[in-house]
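K.L.:
got a structure for you, letters missing:
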Ligand code: NAD
């Protein structure tokens, strides 16, 4: 595939590459995305997923929230796939500076990536809303219904950015800085529909913008290179 050849060359020449990704990066690890045909937005629940994973719903109906969250968003046995692994290797080889991700699954770190900006937080960090004690994801998964702090009884909340909640400023600033300085920007496995995260790629100033996705995105016309297909399968061939 000619596009793979070009990407291979660009990555070999790159010293400040950045990867910006979304839920599609983890579908080959068995974690469903939101907007694919078999994604969570096309299954039926009592409430639309956007409602369930919002800040106000979390406070009003934590039991319902956690039922959905534990069943559909906590995949603690998922393992990194070839895309996560290739990105970690590219960083170790000095071609990639950072991964900016909308994912909350921690699979980039599990694959060995060191510089990961998690725009939407992580399922692996959870805090008591009262005393701020830390809990891991296993504690949340094992809780019968709503996880409660074992010290003060406060409700435990995942450090995940819910709808209606702002992104963490420091994380956004670091992501903007690394994208602004990138020589190659690879955008993969994201529908680029969730703002403000998707808007971050506007900070890229170079002319090596690469899109890797199964389906078209609103940014296709601006890309310098498009690879269509499954990101794990494609990156494995790099
Ligand atoms: P999305 O569901 O809106 O879009 C996923 C995109 O990836 C689609 O365009 C789809 O065609 C593409 N895709 C799916 N599998 C692919 C594959 N194997 N190879 C290439 N492309 C593939 O996801 P989004 O843009 O990341 O936005 C959804 C929000 O959902 C994000 O904010 C994210 O935080 C959250 N989310 C995270 C996870 C996770 O952590 N794994 C899972 C679901 C949703």
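P.N.:
Nice, I can see it. Model, not experiment: these values are computed from the prediction.
K.L.:
so where is the protein shaky, pLDDT-wise?
P.N.:
Scanning the chain with the threshold set as pLDDT under 70 gives 37-41, 44.
K.L.:
can you map out the helices along it?
P.N.:
2-13, 49-52, 55-60, 62-72, 82-92, 107-111, 137-142, 169-180, 231-236 (DSSP state H).
K.L.:
which elements pack onto the first one?
P.N.:
For helix 2-13, the helices and strands in contact under the criterion 3 or more C-beta pairs under 8 Å, 6 or more residues apart in numbering; DSSP states H and E are strand 225-228. No exception for glycine: its C-beta is placed from N, CA and C like everyone else's.
K.L.:
strand partners (parallel or antiparallel) of the strand it packs on?
P.N.:
Note on strand 225-228: by DSSP bridges, its sheet partners are strand 209-213 (parallel).
K.L.:
how distant is the strand it pairs with from the center of its chain?
P.N.:
Relative to its chain's centre, strand 209-213 lies at 16 Å (C-alpha atoms, centre = their mean, to the nearest Å).
K.L.:
do stretch 69-76 as well
P.N.:
Here the centre of mass of C-alpha atoms in stretch 69-76, compared against the chain's by C-alpha atoms, centre = their mean, lies 14 Å away.
K.L.:
quick one: end-to-end distance for that stretch.
P.N.:
Its start and end residues considered, stretch 69-76 measures 12 Å (C-alpha to C-alpha, to the nearest Å).
K.L.:
which one of the helices of the chain lies closest to the ligand?
P.N.:
Closest to the ligand of the helices of the chain is helix 231-236 (C-beta to the nearest ligand atom; 3.7 Å).
K.L.:
for this structure, which residues are neighbours of the ligand?
P.N.:
Applying C-beta under 6 Å from any ligand atom, we find that the chain lies next to the ligand at 22-24, 26-28, 31, 33-36, 39, 102-105, 120, 189-191, 193-194, 213-215, 230-232.
K.L.:
report the buried members of those residues.
P.N.:
Neighbour-count burial within the residues of the chain next to the ligand applies to 22-24, 26-28, 31, 33-36, 39, 102-105, 120, 189-191, 194, 213, 230-232; the criterion is 16 or more other C-beta atoms under 10 Å.
K.L.:
that'll do, ta.
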